[in-house]
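Participant: requesting a structural model of the entry that follows:
(one chain, ligands or ions: 1)
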Amino acid sequence: MDPTGCSFLTPSRRPPPEGRGTQGTPFRGESDGQGRIDLKGMTPEQLTAFAVAHGMRPFRGQQLAEWIYRHGVEDFAVMTNIARVDREELARIAMVSRLAVRGEEVSADGTRKFLFELHDGRTVETVLIPDEDRRTLCISTQVGCAMGCTFCLTARQGLERDLSAGEIVDQLLQVQRLTGERVTNVVFMGMGEPLHNYHGTVRAVRIFTDARAFDLSTRRVTVSTAGLLPQIEAALQEPDLKFALAVSLNATTDALRDQIMPLNRRYPIQALLAMVKRFNRARRDMAFIEYVLLAGVNDSDEDAHRLARLLKPVRCKVNLIPYNAVEGGDYRRPDDARVAAFREILLNAGYTVLTRRRRGADIRAACGQLRQAERLPRRLTERQEPVA
Ligand code: SAH
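Facilitator: Okay, the predicted model is just below:
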């Protein structure tokens, strides 16, 4: 028995580096039933290695990255700047997968939630949050989650499996295809703990930020974590890997955090904050600290003062998230006056504070409300699409 109650995390060692797939054997991605390799989910470097390993010129890798990620093309026949012989060879040995869209809901505030079906019939949700000048996509990295946070609906499902890098980046490609608009920001705040699916997340971040693929600014790609310290450390050691970091703190004492986020028993608050500090220094950036406000649990003036004291040595911005109701949940959302008072204390202590608006709550698209589909009421509009 694991005394920390975090046996789901074994092995707890730092994951081996993801690397860039250029040395040694070429990267072999997921494959379909006919043994063809899925190119979606490979980084531009991995695509180059793949092309070279199959006797093609190295620049084919770059062309493939542009077709797949910039233009959203899945059919090799359309990739007209690639020589016909190479296209035929690619069609024989490779394929470009696509998530099936199974539903879509639109909130009164413009937030849109998409339900995607994976090749094994499991489903994940993705949320598009349009704002004046940005379109932020909240993506999922796992089916379910192993972290067990008591206030989050995804946690109740347990962990079913990790998403592949292709399944992660395709959420963006399919949303762009369905809406006809470019996504400007990506937040890894959907279903799952991104750093628990370390390799899938790291590869997806590389593809989102690579100039030859999606070319999103590294400041517009935010990975949110419940606090997997060895994985944060590992990410800092990766060559050419950059993203913005958000850490879900949610409590100001270890006693409470142990209770609502079991991961704290392994990586307590002081160790977590030391890692945030290290990240900030290494990246010359300021991490976000997320704090879910649970009425009567962690939202008192005393909590706010304690939070201000705790964060003093760490340069960070604070993101307050008033709790979103979860079916059968034991918690309550604080009223607006309580949220304002909590925020005021942090502002007076000199912090930059963002209070997350409750986007998409009417379609259960808000933080902590995402879940596996079959347990969803059939409110999602059926949307049948041919599976590529
Ligand atoms: N596993 C990652 C990312 C997913 S959750 C993480 O823990 O950071 C994204 C954010 O939503 C986290 O800050 C989490 O604490 C918060 N959250 C989860 N359930 C919530 C709920 N019911 N109401 C409000 N925020 C919630």
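
Participant: would you map the helices across the stretch 251-388 of the chain?
Facilitator: Counting by DSSP state H, counting those that start in this stretch, the stretch 251-388 of the chain has helices at residues 254-260, 269-283, 301-311, 336-348.

Participant: for Asp131, give its distance to Val124.
Facilitator: To Val124, Asp131 is 23 Å away according to Cβ to Cβ, to the nearest Å. Where you see a C-beta, it was placed from the backbone N, CA and C, and this is true even at glycine.

Participant: who has more neighbours out of those two?
Facilitator: Neighbour count, other Cβ atoms under 10 Å: between Asp131 and Val124, Val124 has more, with 29 against 12.

Participant: give me the sheet partners of the helix or strand hosting the more buried one and which way each runs.
Facilitator: Applying DSSP states H and E as the criterion places Val124 in strand 123-130. In the sheet, strand 123-130 lines up against strand 112-117 (antiparallel), strand 135-138 (antiparallel) (DSSP bridges).

Participant: dump the residue contacts of Leu178.
Facilitator: Residues near Leu178 by Cβ atoms under 8 Å, 6 or more residues apart in numbering: Val101, Glu104, Phe114.

Participant: tell me, how many residues neighbour the last one?
Facilitator: Residue neighbour count, defined by other Cβ under 10 Å, stands at 24 for Phe114.

Participant: who touches the residue in the chain that the ligand sits nearest to in this structure?
Facilitator: Minimum separation of the chain from the ligand (Cβ to the nearest ligand atom) falls at Gly368, amounting to 2.0 Å. Shown in contact with Gly368 (Cβ under 8 Å, 6+ apart): Phe151, Cys152, Leu153, Thr154, Val292, Tyr323, Asn324, Val326.

Participant: can you tell me the centre-most residue of this protein?
Facilitator: Phe188 (2.1 Å; Cα atoms, centre = their mean).

Participant: up against the ligand, what does the chain have?
Facilitator: Residues of the chain lying close to the ligand by Cβ under 6 Å from any ligand atom are 151-152, 189, 193, 224-226, 248, 250, 290, 292, 321, 323-324, 326, 367-368.

Participant: per-residue pLDDT, the residue nearest to Gly296 when sequence neighbours are not counted?
Facilitator: Of all residues not flanking Gly296 in the chain, Arg332 sits nearest, at 7.0 Å (Cβ to Cβ, 6 or more residues apart in numbering). pLDDT, Arg332: 95.

Participant: thought Arg332 was touching Asn298?
Facilitator: No: between Arg332 and Asn298 there is no contact under Cβ atoms under 8 Å: 11.9 Å.

Participant: so for these two, which sits in the more crowded spot?
Facilitator: Remark: of Arg332 and Asn298, Asn298 carries more neighbours, 26 against 13, as counted by other Cβ under 10 Å.

Participant: the helices in the stretch 1-150 of the chain, which residues?
Facilitator: Going by DSSP H, counting those that start in this stretch, the stretch 1-150 of the chain shows helices at 44-53, 59-65, 84-93.

Participant: which other helices and strands does the first one contact?
Facilitator: Under the contact definition 3 or more Cβ pairs under 8 Å, 6 or more residues apart in numbering; DSSP states H and E, helix 44-53 sits against helix 59-65.
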